[in-house]
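Enquirer: coordinates only, sequence not included:
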């Protein structure tokens, strides 16, 4: 039987090749994670807008109608401040809080797009897709431009609103500047930027 032997040079060559393949694979994994986060968040914002388009909460006979607009709200867990998640809901009774029954249903799994405290291990009827901190390693969210508060709402025309609870006149919550959201990651991944146009509600990401 013939014994196969490798020279030191051949072994070094193999190690170098493996190292190159690994260096190419790691950025690919990071890009995929960022891409998945972008798809998740953008889809959630668009779904909120869709709910507003199909379920108008505008009522000219109700001076507080803005409070019940469909909105996506970004929150941090009361258990772990680094655990970000989002909810999609309509404050139908206008009491400043939204309950599970006022929340949207995730069309992907039939579960509530809602969580009381941001703990993904508590309730089995809460959609796992909302826990973006745990799923994608998102550890920071910043709002700027037309977003003064950590929520974006939409009216029956798909236009974005902000500051619902403090709205005092007919369209005081209407966004006059583009809303810019930035999502940072715990790992070395390029932050995600999402922009919502003030006039049209058009969503772009980069």
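Expert: Yep, that arrived. Predicted model only: the values in this text are computed from it and were never measured.
Enquirer: residue 45 contacts residue 147, correct?
Expert: No: contact criterion CB atoms under 8 Å: residue 45 and residue 147 do not qualify, at 11.7 Å. From N, CA and C alone the C-beta is placed, and that goes for glycine too.
Enquirer: in this structure, which spans are helices?
Expert: Assigned by DSSP state H, the helices in the chain fall at 8-54, 132-136.
Enquirer: please list all residues in contact with the spatially most central residue of the chain.
Expert: The residue lying closest to the centre of the chain (CA atoms, centre = their mean) is residue 41, at 3.3 Å. Residue 41 makes contacts with 86, 132, 181, 183, 192, 194, as judged by CB atoms under 8 Å, 6 or more residues apart in numbering.
Enquirer: which of the helices of the chain has the lowest mean pLDDT?
Expert: When these are compared on average pLDDT, helix 8-54 comes out lowest at a mean of 74.
Enquirer: what residues sit buried inside stretch 72-86?
Expert: 72-77, 83-86 (16 or more other CB atoms under 10 Å).
Enquirer: quick one: which of these is nearest residue 163?
Expert: residue 73 (12.5 Å; CB to CB).
Enquirer: beta partners for that closest one?
Expert: Counting by DSSP bridges, residue 73 is bridged to residue 87, residue 151.
Enquirer: wait, it sits on residue 147?
Expert: No: under the criterion of CB under 8 Å, residue 73 makes no contact with residue 147, lying 11.5 Å away.
Enquirer: circling back: could you dump the buried residues of stretch 72-86 to JSON lines with pLDDT and distance to residue 187?
Expert: As requested, the buried residues of stretch 72-86 are exported to JSON lines (pLDDT from 0 to 100; distance: CB to CB, whole Å):
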{"residue": "72", "pLDDT": "97", "distance to residue 187": "25"}
{"residue": "73", "pLDDT": "96", "distance to residue 187": "25"}
{"residue": "74", "pLDDT": "96", "distance to residue 187": "20"}
{"residue": "75", "pLDDT": "94", "distance to residue 187": "22"}
{"residue": "76", "pLDDT": "91", "distance to residue 187": "19"}
{"residue": "77", "pLDDT": "88", "distance to residue 187": "19"}
{"residue": "83", "pLDDT": "88", "distance to residue 187": "15"}
{"residue": "84", "pLDDT": "94", "distance to residue 187": "15"}
{"residue": "85", "pLDDT": "96", "distance to residue 187": "19"}
{"residue": "86", "pLDDT": "97", "distance to residue 187": "20"}
